[in-house]
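> I would like the atomic coordinates for the input below:
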Amino acid sequence: MPLKPQSKELQPGYGARKAHIQSPEVARQWFLNTDVNLGVVLGGPTGLIVADWDDARRYELWRATTGMAVQTLTEQTARGYHVFFTFPGLCMNISHDCELKATGVCMVAPSVHPSGFVYHVLRDVPIVPLDGESATMLFPFLSEALAHQSHRDCEGDASKHVEKSQTVTRVTGSVIARIKAARLIANEMTAAGVVLQPVSANTWVGLCPFHPDHTPSLWVYPQKGLWGCNRPDCPAAGTHDVINFRAMHRGISNAAAIKQLASEIL
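Numbering: from 1, shown residues only. As a prediction, the model looks like this:
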């Protein structure tokens, strides 16, 4: 997917009901000799997932221990690393170390982060497929989620193991959905001291708290629970949700923000 230059937001004119890429020729029109960023779709038929570390030290610890033998496509991002796998049917999972993202769009090299950092490939090797057993070996927090299952079930046939893993990840995803439904983005921003003003029935604006802002560059779609900043060099450029706002405003990881919100709301 083509993203706006130095942004995580879709390029204008591209979308499910607009233009989309169906051939190499069309891809060249969007990407060749342009400065657009590049995004790839996660999940779907390919089952593409990304392990996203925002803390480089936590990635390095994982790489030196659990992930020592892993040889799969790996990229360095503005704050950490993206490690790519395939696992059809997996939903998003989160620990204090990393996020396993399995839906949405992931910005990839050679894109430019809003901060100006250029994503680059560290290991240019084929993407490794995972199943339930290999996934829990690499990411122990999946094993913890499955701890209520008996030892015999965990060592059953592969199809049953994958099915159980998918069930657990869907539960995790439902928690995130419940948070987004219960915690309105407008309420979260107001509690953080952001003053919002409606400019239309579906859009509010305000001064962005993530850069010196004198004219409202923060936009909010309250009914959709989405927000972002129109300034390309702002860390909040792109499209975000209430979890991202809590994390960015308090300087914590998305995983920590989910735990906070869940304890307050659920």
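> Buried ones in stretch 35-54, by neighbour count?
Neighbour counts over stretch 35-54 (16 or more other CB atoms under 10 Å) mark 36-39, 42-43, 47-54 as buried. (Glycine included, C-beta is placed from N, CA and C.)
> Distance from that stretch to the middle of the chain?
Relative to its parent chain, stretch 35-54 has a centroid offset of 8 Å by CA atoms, centre = their mean, to the nearest Å.
> Contact partners for Y14?
1-2, 20, 30 (CB atoms under 8 Å, 6 or more residues apart in numbering).
> please redo it, this time with the cut-off set to 10 Å
By CB atoms under 10 Å, 6 or more residues apart in numbering, the contact set of Y14 is 1-4, 20-21, 30, 36, 39.
> Contact partners for T65?
With CB under 10 Å, 6+ apart, T65 has no contacts at all.
> May I ask you to confirm that D97 is in contact with E60?
No - with contact defined as CB atoms under 10 Å, D97 and E60 do not form a contacting pair (11.1 Å).
> Looking at the two, which has the bigger crowd around it?
Per other CB atoms under 10 Å, whichever of D97 and E60 has more neighbours is D97, with 19 against 14.
> Distance check, that one against G225.
26 Å (CB to CB, to the nearest Å).
> and if you look at M137?
Distance from M137 to G225, by CB to CB: 35 Å.
> cool, T215 as well?
24 Å.
> what about the two, which has more around it?
Neighbours per residue (other CB under 10 Å) separate T215 from G225, with G225 holding more: 20 against 9.
> from memory that one sits against V242, does it?
Yes - with contact defined as CB under 10 Å, G225 and V242 form a contacting pair (6.0 Å).
> shared neighbours of these two, anything?
179-181, 183-186, 188.
> Write a PyMOL command that selects only the buried members of the residues you listed.
Command for PyMOL that selects the buried part of the shared contacts of G225 and V242, burial taken from 16+ other CB under 10 Å:
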select buried, resi 179+180+183+185+186+188
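> Same list (the shared contacts of G225 and V242) but as CSV, adding distance to G80, secondary structure and pLDDT.
Output for those, formatted as CSV (distance: CB to CB, whole Å; DSSP: H, G, I helix; E, B strand; the rest coil; pLDDT from 0 to 100):
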residue, distance to G80, secondary structure, pLDDT
I179, 23, helix, 85
K180, 24, helix, 84
A181, 29, helix, 85
R183, 26, coil, 89
L184, 29, coil, 93
I185, 25, helix, 94
A186, 30, helix, 93
E188, 24, helix, 95
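> The shared contacts of G225 and V242: which two are farthest apart?
I179 and A186 (14.9 Å; CB to CB).
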